[in-house]
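Participant: Fold the following.
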Amino acid sequence: MKTNVKMLRSSFKWFLAILLCLGFCFTPVKANTTDYSIEDFHIDATYHKNNTITQTETIQVNYSTPKHGIYQYIPLHFYVGYKDGEEKAGQVDTYAIQVEDVSVKGASYETSSEDGTYQIKIGDADTYVTGSKTYTIQYTLVLPKDYRSNYDFMYYSLIGNDWECAMNHVSFDLHFEKPLTQKEVNGFHLFSGPSRQTTNAANVEYQVTKNGVSGQVNQLAAGSAITILSRLRKNYFVDAYQRSTWMTWLCALLAAIFALLVLIKELQNHDDDITPVITFDPPEDLDPAAVGYIVDGKADDVDMMALIPYWAEKGYVDIEDQSQSEKHPHIIVHAKVDALPTKDPYQTMLFKAMFKKDKSCDFTHMNKKFGEKFVAAKEALHQSFLDERKLEETDFFEYFSLVGLIVFALALFTSSYVGYFYHWYVAIIFVALFVICAWCLNKDIKDSFDKQHHSVWKSLLSLVCFGVWLFFIYTQGTQTDQILPSWVLYGVSILIYLCFFFSYRMHKMSAYWKEKAGPLMGFKDFIQKAEVDQLEKLSAENPSYFYDVIPYAMVFGLAKTWAKKFTNIQIPQPDWYVANDYTFWNTMYFYSMMNHGIQTPVDNSVRSYNAAQAAQQAGSGSGSFGGFSGGGAGGGGGGAW
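Facilitator: Prediction:
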C-alpha cells in the first residue's frame, strides 16, 4: 500500500513538472527593453483655438545594443463618453484625428497609416546606432469639431500608454492659445499611470494656469500614460475642422428625386390595368404553347407538351395508350402527317424531334438526345416572342428604383463625420434588407397576368425587412456623428420602399401583350370557375369541347381542375385516343395519362440533358465623459527597432 502511495506521489511530481515545462513553452515572451532606454522625453505643445495641436517632442534615447532607431504611432480615432446625468449617458462618441506636418530632426524617417494608426518610423534600415541619441519630432494633430451641444472639451494624451519601455524622466509644457476661465482651470483633470486610470496614479507634478499646463515626472513606467481632460465653455473652439458633408446630402437628395420620379410614373400608369374579357372558346390565332408563354413570359416544358393533345384534336397525331395500369403508363404517339401545316419553328422542331426516325414516338424511350432537341424547341418558342410580338417595353424609369437604392447606399456609406466609410455597415445592412424587399415585391409577367399569383408570405417578409430597417434607423438616431438626421433617413427609406412596392407597374407591358391578355385572362377565369350545367350545355353543342380546351388548361396550370369538372358529364372518347380493352374511360384518367405518360418522361429526359450539360461545364474549368489615462486624442506608443 505504501509503495502504491509513493508511486502516485512520484507520478504526480512528474505530471507537475511536465505542466510547468509546457507553461514555459507557451507563455508569451515580452520584448526585451533592456537593450535601450528613454532617458528624457520632453513635450512642448500648443493647443490652438481651432482644435488643433502642434507638438514638438524631444526624445533622448540610450542604446545599449545596436538599433536602427525608434518608432512612434498615434491612434487616428479616440472615444469620448457621456457622464451619468447627461442626456446621452452611457453613449460613446467617436472622433477621427488627422496627423499633418510631420518632421524629424536628427535622423531619417518614414510615415505610414496602418490599422487605424499613424506611424512614424525613425532611422535607417542599413544603419545601426549605439549610445545616446536625441530625436526631435514635430507634428500637428487636427481634431474635429465636437458633437456636444452645450460645451466643448479638451481630452488629450501627452504620452500614450503603449510605449514599450520605461522613461527615466518626462516633462511637458502645453500652451493654450485661447486662455481658460478660472472655472475651467478649477475643473482641469490630469490622469496618469496604466490604461484607464482615473487618478494621477503616476504622481505627475503639474501646474495649471489660464494659459497652459506644465509638469514633470521621474520614472514613468512602461505602458503608462499622461492624459489631460477639461470641460470648456461652448464655442471655446472656433473654426474646428469638420468633414465636408455635401456628397452625403447630394446622394440623399438624388435618391429622393429618383424615388419620386418612379412614384410619379406609377401614378401615370394607373390606366394600364387589363380587364378580363370572359370567353368560352380557345383563341383561334394562338396555340397553347404561345398562350403559355404569354401567361408567364417563360417557355416551360408543359407549354410544349400541351401541343400534343392540340395536334391530336387538329388531326395531326393519334395517341395510343398501352398502359398496363395507371401506375405504369405507356403512351405512344403516331404521326398522321409528314409535316405540320404551320410556320411556327418551335412546333416544327418538336414534331421532328418526336418523329425523326419513324412515325411513332414511344414516351417510355425518352433519352437526353430528345431532351436536347426539346430544350432547343423551347428556345425557339422564346425567340418567337421578340420584335413585334415582344411582351414588355423597355422603360428607363424601371431602373430608377435601383439607382435610388445605390445612390442612397452611397449616402449611408459617407454619412459619418468620423470618416467617409466609417458607417459602412449601415449601408451594407440597408442594401441587404432592401434587396430582399425588392425580391419580395418585384412582380413579373405572371404577376401582371394573375393578380392573385403574388404570394402573401413574400409581402409579409418585405414588411418585416422594412420594419427592421426602420428600427435600425431609430437605434442609429442616437449616433451623434451621423450627418443625415433621422427624418431624412426615414423619408428617403419610405420613398424607396414605395418604389419597390409599386415596382410591378414598372413592368411596362407591350401593346401586343395588352391585346392578348384581356381575352386570355377571361378564358382562364372561365376554366377555373365554370359551372357544371354551363359545361354540359357547351359539350352538347360541341362534343369535343373538353378536348379543345384541355391543352390551354394545361398551360394555365388548370388541367386537373378542368378534368374534374367533367367527371359527371358524359363525353365520348376521342377518335384519336386508342386505349387497351381493359381501360375504362373518363376525363380524370385522360388527365393522368397525359400527365404521367407524356409529361413525366419528357421532364426526365430534359433533366438528364441539363445534368449532362452541367457536368460538362463543371469539368471545363478548375480551381478551388469621463476620462482616463491613455484616452483622448494623441497618445499611442512606440519602441525601438
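Participant: The spatially most central residue of the chain and Cys465: what is the separation?
Facilitator: Computing the C-alpha centroid of the chain and ranking residues by C-alpha atoms, centre = their mean puts Ala432 first, at 3.5 Å. According to C-beta to C-beta, to the nearest Å, Ala432 and Cys465 sit 9 Å apart. From N, CA and C alone the C-beta is placed, and that goes for glycine too.
Participant: now swap in Met593 and tell me
Facilitator: Counting by C-beta to C-beta, the gap from Met593 to Cys465 is 45 Å.
Participant: Could you do His189 as well?
Facilitator: As judged by C-beta to C-beta, His189 and Cys465 stand 47 Å apart.
Participant: go on, Ile598?
Facilitator: According to C-beta to C-beta, Ile598 and Cys465 sit 42 Å apart.
Participant: OK, contacts around Lys516?
Facilitator: Contact partners of Lys516, counting by C-beta atoms under 8 Å, 6 or more residues apart in numbering, are 283, 286, 294.
Participant: Could you find the closest non-adjacent residue to the second one?
Facilitator: Once its chain neighbours are removed from consideration, Leu286 has its nearest residue in Lys516; the separation is 7.0 Å (C-beta to C-beta, 6 or more residues apart in numbering).
Participant: What's the first helix or strand after the helix or strand hosting the one you found?
Facilitator: Using DSSP states H and E, Lys516 falls within helix 511-529. Later in the chain than helix 511-529, the nearest helix or strand by DSSP H and E is helix 532-541.
Participant: which residues make contact with whichever helix or strand comes after that next one from outside it?
Facilitator: Using DSSP H and E, the helix or strand that follows helix 532-541 in sequence is helix 545-556. The contact list for helix 545-556, computed with C-beta under 8 Å, 6+ apart, reads 281-282, 287-289, 291-292, 295, 300, 302-303, 305-307, 309-310, 312-313, 523-524, 527-528, 535, 538-539, 542, 559, 561-563, 566, 569, 571, 574, 587, 590-591, 594.
Participant: Can you say which of those are buried?
Facilitator: Buried by 16 or more other C-beta atoms under 10 Å: 282, 287-289, 291-292, 295, 300, 302-303, 305-307, 309-310, 312-313, 523-524, 527, 535, 538-539, 559, 562-563, 566, 569, 571, 574, 587, 590-591, 594, out of these.
Participant: Now intersect these with the strands, please.
Facilitator: Under the assignment DSSP state E, these contribute nothing to strands.
Participant: Might you list the low-confidence residue ranges for the stretch 201-350 of the chain?
Facilitator: Where the stretch 201-350 of the chain drops to pLDDT under 70, the residues are 269-273, 326.
Participant: So which residues of it form helices?
Facilitator: Along the stretch 201-350 of the chain, the stretches classed as helices by DSSP state H, counting those that start in this stretch are 246-268, 288-296, 301-305, 307-314, 345-354.
Participant: contact partners of the first one?
Facilitator: Spelled out, it's helix 246-268. Outside helix 246-268, the residues within contact range by C-beta under 8 Å, 6+ apart are 397, 400-401, 403-405, 407-408, 410-411, 414-415, 483-484, 488, 491-492, 495-496, 498-499, 502, 505-506.
Participant: repeat that for 7 Å
Facilitator: Outside helix 246-268, the residues that touch it by C-beta atoms under 7 Å, 6 or more residues apart in numbering are 397, 400-401, 403-404, 407-408, 410-411, 414-415, 483-484, 488, 492, 495-496, 498-499, 502, 505.
Participant: Sweet, I'm off.
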